[in-house]
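In: Below are the sequence and a predicted model; questions follow.
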Amino acid sequence: MEIQQFDRESKGFFKVLEEEKEAGRMTYSWAGNDRIIIDHTEVNSEFKGKGVGKQMVLSAVDFARDKGISIIPLCPFARSVFDKHEDLRDVL
């Protein structure tokens, strides 16, 4: 499983590739210079239940920690990951 990030001026996304197939995509928008808003997470039906969505959220957490920014999880799925994992909340 390979996770790629594409970051543009005001928006970006993480995407997961498995054997050259897109397994999932999570989009975000920049809110100023110091936070991102995760607005949508989608996993291809053949990859559901394999932790693809969680891996994208974890990648966003790593990105936020590395850049010293915070995350607003507007997406219900991303919010549920933060609710279940207290150790990720330092980026909220």
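Out: Great, that's in hand. Residues are numbered from 1 along each chain as shown.
In: Just confirm residue 60 contacts residue 28, I think it does.
Out: Yes. Contact criterion CB atoms under 8 Å: residue 60 and residue 28 qualify, at 6.9 Å. C-betas here are computed from N, CA, C, even on glycine.
In: Identify the contacts common to the two.
Out: Taking CB atoms under 8 Å, 6 or more residues apart in numbering as the contact rule, the neighbours common to residue 60 and residue 28 are 14, 36, 38.
In: Report the beta-bridge partners for the second one.
Out: Here residue 36 sits in beta bridges with residue 30, residue 71, as judged by DSSP bridges.
In: what does the first one give?
Out: According to DSSP bridges, residue 5, residue 26 are recorded as the beta-bridge partners of residue 14.
In: What is the longest helix of the chain by residue count?
Out: Of all the segments of type helix in the chain, defined by DSSP state H, the longest one is helix 52-67.
In: what's the pLDDT at the closest residue to residue 91 other than its chain neighbours?
Out: Taking CB to CB, 6 or more residues apart in numbering as the measure, residue 91 lies nearest to residue 64, with 4.1 Å between them; neighbours along the chain are not counted. Taken from the predicted model, the pLDDT recorded for residue 64 is 98.
In: didn't residue 64 look like it was pressed against residue 38?
Out: No. Counting by CB under 8 Å, residue 38 is not a contact partner of residue 64; they are 10.0 Å apart.
In: Now the common contact residues for these two.
Out: Listed contacts common to residue 64 and residue 38 are residue 71; contacts here mean CB under 8 Å, 6+ apart.
In: got the contact list for the most centrally placed residue in the chain?
Out: For the chain, residue 57 is the residue whose C-alpha lies nearest the centre (CA atoms, centre = their mean; 3.5 Å). Neighbour list for residue 57: 26, 38, 41, 73, 77, 78, 81, 82, 88 [criterion: CB under 8 Å, 6+ apart].
In: Take the shared contacts of residue 60 and residue 28 and lay them out in CSV including pLDDT, distance to residue 92 and neighbour count.
Out: Supplementary listing: the shared contacts of residue 60 and residue 28 in CSV, determined by pLDDT from 0 to 100; distance: CB to CB, whole Å; neighbours: other CB atoms under 10 Å:
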residue, pLDDT, distance to residue 92, neighbour count
14, 98, 18, 23
36, 98, 11, 24
38, 98, 11, 25
